[in-house]
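# give me the fold of what follows.
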Amino acid sequence: MSELRFMTAGESHGPQLTAILEGLPAGVKINKDNIDNDLARRQQGYGRGGRMKIERDKIEIVSGVRFGETIGSPITLIVKNRDWQNWQDRMSVFGKPTGDKVTAVRPGHADLTGVIKYNRDDARDILERSSARETTMLVAVGAVCKEFLKNCGVSVTSRVTKIGGINNTSESEISDEIKAKIDEAKSKGDTLGGIFEVIIKGVPIGLGSHIQFDKKLDAKLAAAMMSIQAIKGVEIGAGFECANLFGSQIHDEIFYDEQTKKIYRPTNHAGGIEGGMSNGEDIIVRVVMKPIPTLMTPLKSIDIATKRQVLACKERSDTCAVEAAAVVGEAMAAFVIAQAVVDKFGGDSLSDILSFIEVYNHRI
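Coordinates of the predicted model:
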């Protein structure tokens with residue numbers, strides 16, 4: 001059984017975005033509508049920009065699935081960029097350069113560091129790939145992984161908990177107060193960040209391991225979240241609140257129920273992970289997204305061609321994308337948990353994995 005892994009390719013204004021997911025077992029039923037629904041969720045949210053009015057993301061699967069079921073080979077996922085028709089000259093693979101170079105790099109973006117690292121004189125060579133448009137394929141991969149996890153009794157959801165310093169108490173939508181704050185930011189040509197939460201239920205005990213740094217489940221989840229554009233912080237369970245409390249207040253006491261014959265914890269400050277391993281409780285991950293670095297009222301920067309002080313460039317962007325980022329975080333969590341399930345239970349077919357899970361659950 002190979003490791004579950006994926007790779008993405010494509011530029012923001014190129015012809016398409018592509019992902020290859022390898023290692024998913026054979027026999028998983030794939031519902032295209034579910035994938036398209038998650039892609040649509042990523043495009044929604046209060047404060048999203050004009051690009052989302054152009055694209056209507058739909059998944060195409062060109063390998064690894066036959067008659068709606070995985071067959072064990074690499075799964076190739078494609079989303080076409082509708083805006084490509086407006087960018088064919090500027091993003092041509094073999095044509096001659098057209099249009100002005102992007103040289104007024106944006107503070108907080110990959111622009112300046114990228115052009116220095118890769119020795120480019122046009123920040124478009126960097127911003128096209130570093131764009132959050134790439135998260136389209138993260139969501140597609142995560143949606144496929146959720147199809148697999150459903151068979152294992154695992155669900156992954158997300159919700160926004162804060163935007164612009166305002167707490168959001170709703171489970172399904174942001175408050176009118178937050179919408180007003182986003183409107184204020186838009187009127188000023190500014191942007192807002194926030195916090196979202198990913199909740200993973202039904203995770204078997206013992207995913208991940210304590211034995212090496214790169215085997216720990218919380219480390220993998222944190223790395224996956226930090227890989228998402230504009231993410232600047234991750235906490236699991238009580239997270240940073242642990243710094244303010246006594247150990248007696250933060251550690252989850254353990255009990256045994258004689259009737260159900262099960263071990264349980266009345267609290268879940270650990271967020272479902274102890275010692276780098278899932279402990280059977282819900283896994284709770286909270287993630288901080290910074291304000292998007294493309295401002296319609298640009299910050300001061302330099303022109304990399306002239307080294308003169310200028311205002312940063314303006315690319316079409318969002319005022320706030322925390323709701324969309326929550327969908328991406330949900331997808332990345334689904335991939336990490338699916339990867340951990342495959343790693344622990346092995347098997348080249350879904351039926352094998354489910355059999356191994358059943359035996360394992362009987363033992364514990």
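# make it CA atoms for all contacts and neighbour counts henceforth
Noted.
# now name the helix or strand holding Glu358.
helix 350-363 (DSSP states H and E).
# contact partners of that helix?
If you take Cα atoms under 8 Å, 6 or more residues apart in numbering as the criterion, helix 350-363 is touched by Pro25, Ala26, Gly27, Val28, Asn151, Cys152, Val342, Phe345, Gly346, Gly347.
# among those residues, which ones are buried?
The neighbour count (16 or more other Cα atoms under 10 Å) marks Pro25, Ala26, Gly27, Val28, Cys152, Val342, Phe345, Gly346, Gly347 as buried among these.
# just to check, the fourth one is in contact with Lys146?
No. Counting by Cα atoms under 8 Å, Val28 does not reach Lys146; the two are 10.4 Å apart.
# what about the residue lying closest to Gly10 once chain neighbours are set aside, neighbour count?
Counting by Cα to Cα, 6 or more residues apart in numbering, Gly10 lies nearest to Leu17, which is 4.5 Å off, once chain neighbours are set aside. By other Cα atoms under 10 Å, 22 other residues sit near Leu17.
# next SSE downstream of the host helix or strand of Leu17?
Using DSSP H and E, Leu17 falls within strand 16-22. For strand 16-22, the succeeding helix or strand toward the C-terminus, using DSSP H and E, is helix 32-43.
# count the neighbours of Ile254 for me.
Once other Cα under 10 Å is used to define contacts, Ile254 is seen to have 10 neighbours.
# look up how far Asp282 lies from the nearest residue to it once chain neighbours are set aside.
Spatial nearest neighbour of Ile254, chain neighbours left out: Arg265 (4.9 Å); criterion: Cα to Cα, 6+ apart. Here the criterion is Cα to Cα, to the nearest Å. By it, Arg265 lies 11 Å from Asp282.
# same check, this time on Asp218
13 Å.
# more neighbours: which of these two?
The neighbour count for Asp218 versus Asp282, taken as other Cα under 10 Å, is higher for Asp218 (26 against 20).
# tell me the confidence at that one?
pLDDT for Asp218: 98.
# looking at the chain, which helix or strand is least sure?
Here the helix or strand of the chain ranked lowest by mean pLDDT, DSSP states H and E is helix 51-54, holding a mean of 64.
# so what's the residue nearest to Val341 when sequence neighbours are not counted up against?
On the basis of Cα to Cα, 6+ apart, the spatially nearest residue to Val341 that is not a chain neighbour turns out to be Leu207, at 6.7 Å. With contacts defined as Cα under 8 Å, 6+ apart, Leu207 is in contact with Leu217, Met277, Ser278, Ile337, Ala340, Val341, Lys344.
# so which of those sit within strands?
Met277, Ser278 (DSSP state E).
# which one of the contacts of Leu207 is nearest to Thr76?
Ile337 (20.3 Å; Cα to Cα).
# for the closest one, the count of nearby residues, please.
Residues within reach of Ile337, counting by other Cα under 10 Å, total 25.
# contacts only, for it.
Taking Cα under 8 Å, 6+ apart, we find Ile337 in contact with Leu207.
# so how far is Val234 from it?
Counting by Cα to Cα, the gap from Ile337 to Val234 is 17 Å.
# next: Thr76.
30 Å.
# with Cys242 instead?
Distance of Cys242 to Val234, given as Cα to Cα: 14 Å.
# again, but for Val342
From Val342 across to Val234, the span is 24 Å (Cα to Cα).
# what's the answer for Ser155, then?
From Ser155 to Val234 the distance is 20 Å (Cα to Cα).
# now the helices for the protein?
32-43, 51-54, 111-118, 124-130, 135-151, 176-187, 217-226, 247-250, 322-345, 350-363 (DSSP state H).
# spit out the contact partners of the residue nearest to Cys320 when sequence neighbours are not counted.
Spatially, and ignoring its direct neighbours in sequence, Cys320 is nearest to Gly47 (4.7 Å; Cα to Cα, 6+ apart). Gly47 sits next to Ile182, Asp183, Lys186, Asp318, Thr319, Cys320, Ala321 when contact means Cα under 8 Å, 6+ apart.
# which of those residues has the weakest pLDDT?
The member of those with the lowest pLDDT is Asp318, at 92.
# what about that residue, how many neighbours?
Asp318: 23 neighbours (other Cα under 10 Å).
# cheers, nothing more for now.
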